[in-house]
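Novice: for reference, the sequence and a predicted model appear below.
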Amino acid sequence: MKAIIPVAGAGAKLRPHTYTQPKALIPIAGKTILSFIVDQLKEVGIREFIFVVGYLGEKIQDYVEQTYPNLTTHFVYQNERNGTAHAIELAKNIIGKDEVFIALGDTICEYDIKEVLESPCSMLGIQKVDDPRQFGVVEIDEEGKVLHAVEKPSIPKSNHALVGLYKIKEADILFDCFVQLVTENIKSHG
């Protein structure tokens, strides 16, 4: 399994810290955000990573190559920030039809990653939150299956927020969905 880590954003909400440092390289408890993510995935055997970079991308590439010289790494540049789906779609040629794990580059979570990777199903990481309007929100059934997902709804139908972790069994179907979004110009909030 390969991992995609989109880290192309400018981190505008963390200004002035992100004027010279990408958000993913900001240290927390003595470790960069990116290291928390890579180390967690590396610990369960993932050895091939695709980093979707943009703003200050050369700093991320230098950091990864110096810190993780034994990993297989690819760097894909997202020159125009057209959202998360666009960022992930840029890794299509590297992923192919393989299973993929996607971790947004600003997501630090505590979860049983081994259980997630061993699941026969695709999975989305969710967390109950008090005010879900600032997140992607999912509706789930009694068995925990996702029925619907909406990006930052003004009137959320649940308080289950997406946390930025996705295990996708059928990457080819995911990429087909991205093509449909682009073809039909389906966007959330512009």
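Specialist: Received the coordinates, thanks.
Novice: which helix or strand in the chain has the lowest average pLDDT?
Specialist: Among the helical and strand segments of the chain, the one scoring lowest on mean pLDDT, DSSP states H and E is helix 171-183, with a mean of 79.
Novice: can you list the residues that contact that one?
Specialist: 85-86, 88-89, 92, 95-100, 168, 186-187 (Cβ atoms under 8 Å, 6 or more residues apart in numbering). Glycine gets a C-beta too; all of them are placed from N, C-alpha and C.
Novice: how about it, which residues are buried there?
Specialist: Taking 16 or more other Cβ atoms under 10 Å as the neighbour-count basis, helix 171-183 is seen to contain the buried residues 171, 174, 175, 178.
Novice: now the farthest one out in the chain, which residue is it?
Specialist: What lies farthest from the middle of the chain is residue 142; by Cα atoms, centre = their mean that is 25.9 Å.
Novice: low-confidence ranges, the protein, go.
Specialist: Under the criterion of pLDDT under 70, the regions of the chain flagged as low confidence span 9-20, 185-190.
Novice: can you give me the distance of the residue nearest in space to the middle of it to residue 35?
Specialist: The structure's the chain has its C-alpha centroid closest to residue 104; by Cα atoms, centre = their mean the separation is 2.6 Å. Taking Cβ to Cβ, to the nearest Å as the measure, residue 104 falls 15 Å from residue 35.
Novice: how big is the angle separating the lengthiest strand in the chain from helix 171-183?
Specialist: The strand spanning the most residues in the chain, taking DSSP state E as the definition, is strand 160-168. On the basis of axes from the mean of the first three to the mean of the last three Cα atoms, to 10 degrees, strand 160-168 is oriented at 120 degrees to helix 171-183.
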